[in-house]
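*Asks:* After the sequence you'll find the predicted model.
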Amino acid sequence: MTKMLEVSKVNYSYGRAQVLYDVSFEAAEGEIVTIIGPNGAGKSTLLNVVARSHKLRRGNIRIAERGTEKLSQAGIVKLGCVLVPEGRQVFSSLTVHDNLVLGGYVSRRSGTAKATIERVFDIFPRLAERSNQLAGTLSGGEQQMLAIGRAMLSRPKVMLLDEPSLGLAPQMTARIMEVLGELRRESGLTIVLVEQNAHAALGLADRGYLMSGGRVLTSGTSAELKADKMVQQVYLGASADPAPDANPGLAPEQPSTALPSEAK
Amino acid sequence: MEVALQLVLSALAVGAIYGSMGIGYVVIHRMTGMVNFAQGDIAVAGAFGAVVASAVLPPLAAIGVGALTGAVASVLMYHLAIFPLRKQGLLVQTIVTLGVGIVIRSILQLIFGTGPRQFDPITAGGPVNVFGASLPQQAFWVIGIALIAYVALALFFERTLTGKALSACAVNSYAAGVVGINLTFMATVAFALSGAVAGAVLATQVPTSFITVGAGFALGLKGFIAAILGGFDKIGLTLAGGFLIALVENVASRSISTAHSETILFVLLIALLILRPQGLTRKLVVERV
Ligand SMILES: Nc1ncnc2c1ncn2[C@@H]1O[C@H](COP(=O)(O)OP(=O)(O)O)[C@@H](O)[C@H]1O
Ligand SMILES: [Mg+2]
């Protein structure tokens, strides 16, 4: 199977503080891979380096079997790899529709934006109803839908999602996970899902990586990871839920967050 | 009555210049969050570009060259003085623009000296009578070109993908990068547009009065006030703000004293900022970018 994303030995520092140490992971075409790990593990930094919001200084990243050393942030999007950032990051004072249109910024001449927007509206009817509303007035869950919809507009092959469940009610989280599964099934999308909510993430993903302290500690299939001692210790150890398997895809508790919670 | 009408009419022409200068501030601020205090001097550079071009080109084409000169000066300033300081924060960048203004003024003075320059109006003939008040034909061109620039910019921001992308940079520059908008390219577009608009409108004014190399600072300051009135966000209100400033100036210099009209303007500005920090806009734009 084609490797859509190959990240090898990526290191990253903020000034003097190194936060990623030789991080490697990969995702095959149509695969859903999750990266779980506690707060501060370096998961967001890693995704930002892949998407080139942060510079790639040391390490190697191949997307769709092509080197990306010389590519800009826009070049990565053009190549088919798009980030759905932590905290949604929608354009709050622009309309829902304009947010979507801007998602297609790099592929503007392909003339497919209209059809893709229709598809986003099919998947998320709530966005269609609020098409002319300012994005900042949407609820947290709706903003997350918009962030995913906006990413779809670039017609990606690889979608990187940074904690889409953050601050969302369990039903909303379940819906988002369901949509990601649909996207993979229908268009063969490769998905890299970063989550603190390990139950939801391992419920959906084929494989996963556990990160902590800027390093990949272990990896394996979702089933393996759920059973893994290290995962339980480092990450799920504090969970009150004795049998995570009994409750796949749903978070037993909300992660603490500064973001507004999903209303109703 | 005629006197009042005369005051209003001439305020329209002068206000178009202040307003378009202010629009220059707003376009750059919307994109980058910085204040470009070289705006007035860049417009003057544009006007001198038109003066030079008028030797070989008809006035309207010379004004086109003025717009181009303003755009080029503005873009050069961005790439030579602002871009290298992009990690330094907005305050540093804003202060640097004051220095760039002085540099532009010195260069113009070395080339053109301090004397006034002028070129022919677009349409020949005497002033136009409007209900007893009169206004030079060229003043209508100034107002017209300012309005055309305003409408074109408004359409650009509302209707085009590039215009929306430019606004998006100001709303959330991180997210703009995430969707693949190139921030450096967008800043270049913003600086080019602001230089072109201010340069074109000021160049159009040259045939009615004249231009000197030192005009930039005072013009820039009034454009800055117009931008404040527009909340540093709304180009339509900024243009209206320009008219208001020119009207206050006209009334003050007529009824009080020409020498003190600027003092009065600034006193009113301070009073306004205390009473309505959001300018003419409905609400304050808090911390963009
Ligand atoms: N902009 C930044 N400047 C300095 N340090 C940062 C910055 N962003 C994150 N960090 C630090 O980098 C480490 C990894 O952060 P992050 O990638 O956000 O982790 P995660 O997404 O796994 O919670 C943390 O120690 C965090 O404090
Ligand atoms: Mg994070």
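*Replies:* Everything's here; your move. Numbering: from 1, shown residues only, chains lettered A, B, ... in the order given. Ligands and ions are numbered 1, 2, ... in the order given.

*Asks:* quick check, residue A:35 in a helix?
*Replies:* No. Assigned with DSSP: H, G, I helix; E, B strand; the rest coil, residue A:35 falls outside any helix and is strand.

*Asks:* biggest helix in chain B, by residue count?
*Replies:* helix B:2-32 (DSSP state H).

*Asks:* now whatever helix or strand comes next after that helix against helix B:2-32, angle please.
*Replies:* Heading C-terminal from helix B:2-32, the first helix or strand you meet, by DSSP states H and E, is helix B:39-53. Per axes from the mean of the first three to the mean of the last three C-alpha atoms, to 10 degrees, the angle that helix B:39-53 makes with helix B:2-32 is 110 degrees.

*Asks:* what's helix B:39-53 packed up against?
*Replies:* If you count contacts as 3 or more C-beta pairs under 8 Å, 6 or more residues apart in numbering or on different chains; DSSP states H and E, helix B:39-53 packs onto helix B:2-32, helix B:59-77, helix B:90-112, helix B:183-205, helix B:216-229. C-beta coordinates here come from the backbone N, C-alpha and C atoms, glycine included.

*Asks:* Using CSV, write out the CA atom coordinates for the shortest one.
*Replies:* Right, helix B:216-229. In CSV, the C-alpha atoms belonging to helix B:216-229 read as follows (Å, rounded to 0.1, in the frame of the first residue of the first chain):
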residue,chain,number,x,y,z
GLY,B,216,3.7,64.3,3.0
PHE,B,217,3.8,64.6,6.8
ALA,B,218,0.8,66.8,7.2
LEU,B,219,-1.2,64.8,4.7
GLY,B,220,-0.2,61.6,6.4
LEU,B,221,-1.3,62.9,9.7
LYS,B,222,-4.8,63.9,8.4
GLY,B,223,-5.1,60.5,6.7
PHE,B,224,-4.2,58.9,10.0
ILE,B,225,-7.1,60.8,11.7
ALA,B,226,-9.4,59.8,8.9
ALA,B,227,-8.4,56.2,9.5
ILE,B,228,-9.1,56.6,13.2
LEU,B,229,-12.6,57.8,12.3
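
*Asks:* Show me what it is packed against.
*Replies:* If you count contacts as 3+ C-beta pairs under 8 Å, 6+ apart, helix B:216-229 packs onto helix B:2-32, helix B:39-53, helix B:90-112, helix B:235-255, helix B:261-275.

*Asks:* Taking helix B:183-205 as reference, get the angle to that helix.
*Replies:* 120 degrees.

*Asks:* picking up where we left off before, right, so of the helices and strands packed on helix B:216-229, which gets closest to residue A:80?
*Replies:* helix B:2-32 (27.9 Å; C-beta to C-beta).

*Asks:* So is that closest one next to chain A?
*Replies:* No. Figure legend: helix B:2-32 not in contact with chain A (C-beta under 8 Å from any C-beta of the partner chain); closest approach 11.1 Å.

*Asks:* Now do that helix against helix B:235-255, angle only.
*Replies:* Using the same axes, to 10 degrees: helix B:2-32 against helix B:235-255 is 140 degrees.

*Asks:* Name the SS class of the residue in the stretch 1-150 of chain B positioned nearest to ligand 2, please.
*Replies:* Taking C-beta to the ion as the measure, the point where the stretch 1-150 of chain B comes nearest ligand 2 is residue B:87, at 23.4 Å. Using three-state DSSP, the structure places residue B:87 in coil.

*Asks:* which residues touch the helix ranked longest in chain A?
*Replies:* Across chain A, the helix with the greatest residue count (assigned by DSSP H) is helix A:170-187. Residues outside helix A:170-187 that contact it (C-beta atoms under 8 Å, 6 or more residues apart in numbering or on different chains): A:30, A:32, A:123-124, A:140-141, A:144-145, A:148, A:152, A:159, A:161, A:164-165, A:168, A:189-191, A:193, A:197, A:200, A:203-204, A:249-251, A:262.

*Asks:* Would you mind listing which of those residues are buried?
*Replies:* Buried members of the contacts of helix A:170-187, scored by 16 or more other C-beta atoms under 10 Å in any protein chain shown, are A:30, A:32, A:123-124, A:140-141, A:144-145, A:148, A:152, A:159, A:161, A:164-165, A:168, A:189-191, A:193, A:197, A:200, A:203-204, A:249-251, A:262.

*Asks:* In terms of secondary structure, what does the longest helix of chain B contact?
*Replies:* Judged by 3+ C-beta pairs under 8 Å, 6+ apart, helix B:2-32 is in contact with helix B:39-53, strand B:133-135, helix B:137-159, helix B:161-171, helix B:183-205, helix B:216-229, helix B:235-255.

*Asks:* By proximity to chain B, which residue of the stretch 101-250 of chain A wins?
*Replies:* residue A:106 (3.8 Å; C-beta to the nearest C-beta).

*Asks:* Got the phi and psi for that residue?
*Replies:* Main-chain torsions, residue A:106, degrees, to the nearest 10: phi -70, psi -20.

*Asks:* Not counting sequence-adjacent ones, nearest residue to it?
*Replies:* Leaving out its chain neighbours, the residue that sits closest to residue A:106 by C-beta to C-beta, 6 or more residues apart in numbering or on different chains is residue B:180, at 3.8 Å.

*Asks:* quick one: the one you found and residue B:272, what's the gap?
*Replies:* Note on residue B:180: its distance to residue B:272, by C-beta to C-beta, to the nearest Å, is 41 Å.

*Asks:* Neighbour count for these two, which is higher?
*Replies:* residue B:180 (25 against 16; other C-beta atoms under 10 Å in any protein chain shown).

*Asks:* ok so, going back, using CSV, lay out the helices and strands packed on helix B:2-32 together with distance to residue A:88 and mean pLDDT.
*Replies:* Formatted as CSV, the helices and strands packed on helix B:2-32 follow (distance: least, C-beta to C-beta, whole Å; pLDDT from 0 to 100):
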stretch, distance to residue A:88, mean pLDDT
helix B:39-53, 35, 97
strand B:133-135, 53, 89
helix B:137-159, 24, 95
helix B:161-171, 13, 91
helix B:183-205, 20, 96
helix B:216-229, 31, 92
helix B:235-255, 29, 91
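
*Asks:* Could you identify which of the ones you listed is most buried?
*Replies:* Greatest average neighbour count among the helices and strands packed on helix B:2-32 goes to helix B:39-53 (a mean of 28), per mean count of other C-beta atoms under 10 Å in any protein chain shown.

*Asks:* Check the offset of it from the chain's centre.
*Replies:* Helix B:39-53 sits 12 Å away from the centroid of its parent chain (C-alpha atoms, centre = their mean, to the nearest Å).

*Asks:* mind checking the SS state of residue B:232?
*Replies:* Going by three-state DSSP: residue B:232 is coil.

*Asks:* Then residue A:20?
*Replies:* Applying three-state DSSP: residue A:20 is strand.

*Asks:* Pull out the buried residues from stretch B:250-270.
*Replies:* By neighbour count with 16+ other C-beta under 10 Å, stretch B:250-270 contains the buried residues B:250-253, B:261, B:264-265, B:269.
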